[in-house]
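Visitor: the following comprises the amino acid sequence and a computationally predicted model.
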Amino acid sequence: MMLWFSCKTYASYYAMESVLKQSTNSVCVYVAPTKALVNQVAATIYSRFNSPCFGLFTRDYRLNIDQCRILVTVPQCLEILLLSSNHPQWRNRIQYVIFDEVHCMSSELGADIWEKCMLMINSPMIGLLATVDNGRDLYH
């Protein structure tokens, strides 16, 4: 199930807060297409939700991956986690996955990784994008 919202920040925070209110074992994953956006989102989430529940995973930086409740990452690193034999319990903890700038799925650079990740996830997914020029087509 993929949900589409126009209020990106509200939808993201709702999913994160829902996970934080659930058992201490659940995880919300925020996937951004670039490391720059990961860093921007990570700073916002870190200041809003406090450090013990926060994790970050990019190719060159890893923080609190296994213990976090909110993980901010890029699609390539999410794929690594989903396929890793070192993180089988972590996969089962995922309650929501938020894909930011979901229109990047159509780019030649990473469409296959986005699609693979979505197919491996067994939880609700939220697709975020700022503008939609074919909203009626998406609705139908």
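Guide: Nice, I can see it.
Visitor: next, count neighbours for the spatially closest residue to E101 that is not a sequence neighbour.
Guide: The shortest distance from E101 to any non-neighbouring residue, by Cβ to Cβ, 6 or more residues apart in numbering, is to P33 (4.9 Å). In short, each C-beta sits where N, CA and C put it, glycine included. For P33, the neighbour count with other Cβ atoms under 10 Å is 21.
Visitor: for L78, same thing?
Guide: L78 - counted by other Cβ under 10 Å - has 25 other residues nearby.
Visitor: how close does the residue nearest to E101 get to A11?
Guide: 17 Å (Cβ to Cβ, to the nearest Å).
Visitor: the residue nearest the centre of the chain in helix, strand or coil?
Guide: Geometric centre of the chain, nearest residue: Y30, 2.2 Å, by Cα atoms, centre = their mean. Of the three states, Y30 takes strand under DSSP: H, G, I helix; E, B strand; the rest coil.
Visitor: bridged to it, which residues?
Guide: V72, I98 (DSSP bridges).
Visitor: wait, what's in contact with the nearest residue to G127 once chain neighbours are set aside?
Guide: Leaving aside its chain neighbours, G127 sits nearest to V102 (3.8 Å; criterion: Cβ to Cβ, 6+ apart). V102 sits next to 114, 127-129 when contact means Cβ atoms under 8 Å, 6 or more residues apart in numbering.
Visitor: for the residue nearest to E101, helix, strand, or coil?
Guide: coil.
Visitor: I'd say it and V74 touch.
Guide: Yes: using Cβ atoms under 8 Å, P33 makes contact with V74 at a distance of 6.9 Å.
Visitor: elements contacting the host helix or strand of R48?
Guide: Element membership of R48 [criterion: DSSP states H and E] is helix 35-49. If contacts are counted by 3 or more Cβ pairs under 8 Å, 6 or more residues apart in numbering; DSSP states H and E, helix 35-49 sits against helix 8-21, strand 54-58, strand 70-73.
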